[in-house]
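# fold the following and give me the result.
(one chain, ligands or ions: 1)
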Amino acid sequence: MYLTAAGIKQLTIIDNDVLDISNLQRQILYNEMQVGKDKVESAKIVLSNLNSEVQINTYKEYIDKDSIRKYIKDHDFIIDCSDNFQTKFLVNKIAIQYNLKCVIAGIKDFYGQIITINPKKTACYQCVFNEPDKISPEEGPLPVIGVTPGILGTLEALEVIKTALGLPNLENKLLMVNLVDSRFNVIDIVKNENCICSK
Ligand SMILES: [Zn+2]
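Alright, predicted model coming up:
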């Protein structure tokens, strides 16, 4: 919503989900009238009404290692807004492979973390987090306080704007957000020479 309001030229949204009433606790792009409808279609209507000059492309599809490649063309930046580790590691890998800048954020209840990646130059997501050998898809959703993804999502939009403007961003830094104690801590990180981003 902030990127559209800011007048970013083009935004491509990929999501295979249908709006459930339980999503409204945190996904304030949507409203009760849209429950049961495709999220990408509802998002397109809301965002186009917000700023008609932004081109909004939407695709109702799950992101996986095959589908993600067709959306990379003609884009400058990937914003991970996913709710699972598989997608975050995949986005990181694709960003490195295609040399696309990206921002990845994760949340759980009152906590979040966010990192911005410039593949050729900076540490990547996998420099910081080890990809688990196996991630069970049956782990179920993590608990979420609705404000947490709002704050982390807003920070992701800020990273896109600051990166585009050449302002200091979260490259080589991991921002840890603790909303219980209202603390924001930045940890300096370094590129791992044995990581996929260094090969
Ligand atoms: Zn790396």
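# list the helices and strands the helix-or-strand element of the chain with minimal mean pLDDT packs on?
Least confident helix or strand, the chain: helix 69-72 with a mean of 90, by mean pLDDT, DSSP states H and E. Of the remaining helices and strands, none touches helix 69-72 by 3 or more CB pairs under 8 Å, 6 or more residues apart in numbering; DSSP states H and E. Just so you know, the C-beta spots here come from the backbone N, C-alpha and C atoms, and that holds for glycine as well.
# how far off centre is it?
16 Å (CA atoms, centre = their mean, to the nearest Å).
# which residues touch that helix?
The set of residues external to helix 69-72 that reach it, using CB atoms under 8 Å, 6 or more residues apart in numbering, is Thr12, Ile14, Tyr59, Ile78, Ile94, Tyr98, Leu100.
# dump those residues into CSV; add pLDDT, neighbour count and distance to the ion as well.
Below are the contacts of helix 69-72 laid out as CSV (pLDDT from 0 to 100; neighbours: other CB atoms under 10 Å; distance: CB to the ion, whole Å):
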residue, pLDDT, neighbour count, distance to the ion
Thr12, 97, 16, 25
Ile14, 96, 18, 24
Tyr59, 96, 15, 28
Ile78, 97, 22, 15
Ile94, 96, 19, 13
Tyr98, 95, 15, 15
Leu100, 97, 17, 14
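# for these, which one is nearest Asn84?
Ile14 (14.0 Å; CB to CB).
# which residues touch the closest one?
Val40, Thr58, Tyr59, Glu61, Ile63, Ser67, Tyr71.
# now with 7 Å, please.
Tyr59, Glu61, Ile63, Tyr71 (CB atoms under 7 Å, 6 or more residues apart in numbering).
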